[in-house]
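1. What would the 3D arrangement of this be:
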Amino acid sequence: MTDDGWAWTDAWIFVSVVIAGKVGRHRRSPDSRRPEGVRLADVLATAEHLKQALPTHQGIETAVRRLLGADLISVTDGWFQVTPAGEQVWRSRPRGGTTATVDSVHNILQRRHAPLRPTGWRLETTEHAAAILEHTGRFVPAQRRSVENSAATPHRSA
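-> Numbering: from 1, shown residues only. Prediction:
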């Protein structure tokens with residue numbers, strides 16, 4: 001990657017945020033969009049689906065800094081969202097299958113100017129490791145109990 005051009009990983013992370021956040025689906029159903037954004041584990045899951053590989057810690061950090069600097073995504077308290085400018089990039093891509101989507105977005109980004117102000121955003125090693133563990137299923141969040149389940153009869157020993 002050069003400092004004056006977009007890397008393929010930048011497009012890969014951008015497309016992963018878009019798809020994980022269901023931005024592309026909002027025209028069909030306004031209720032399908034995730035208004036709070038998506039977590040890093042969701043971005044990783046989508047990235048792996050797109051390429052059958054996980055982006056590196058450095059790749060994520062660099063891409064997010066550049067995407068933030070270009071105002072294509074935002075990150076607030078660990079929640080990733082696509083900005084209105086990012087939605088315009090997404091909507092300007094040629095329609096095609098998922099395999100060509102990252103390449104299409106990469107071509108669009110290359111036609112734009114590189115971010116003039118990459119941010120100082122940092123991905124902590126512990127946050128990255130936790131997202132990897134959550135994504136791979138080795139860390140399972142505590143089970144959420146609904147009101148209906150909390151009134152269930154407890155198991156009794158004989």
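2. ok, Arg95 - how many residues close by?
-> By other CB atoms under 10 Å, the residues close to Arg95 number 7. (C-beta placed from N, C-alpha, C; glycine too.)
3. In three-state terms, label it for me.
-> Under the three-state scheme (DSSP: H, G, I helix; E, B strand; the rest coil), Arg95 adopts coil.
4. State the distance from it to Glu61.
-> Separation of Arg95 from Glu61 (CB to CB, to the nearest Å) stands at 31 Å.
5. what does the helix or strand Trp12 falls within rub up against?
-> Counting by DSSP states H and E, the element that carries Trp12 is helix 8-20. Defining contact as CB atoms under 8 Å, 6 or more residues apart in numbering, one finds that helix 8-20 is touched by 1, 24, 34, 38, 42-47, 50-51, 55, 59-60, 62-64, 66-67, 72-73, 80-82, 86, 89-90, 101-103, 105-106, 109.
6. next one: stretch 52-67
-> Contacts for stretch 52-67 (CB under 8 Å, 6+ apart): 1, 6-7, 9-10, 12-14, 17, 40, 43-44, 47-48, 73, 75, 80, 86, 114-115, 118-123, 125, 128, 132, 135.
7. try 7 Å
-> By CB atoms under 7 Å, 6 or more residues apart in numbering, the surrounding residues in contact with stretch 52-67 are 9-10, 12-14, 44, 47-48, 73, 75, 115, 118-119, 121-123, 125, 128.
8. Appreciated, that's everything.
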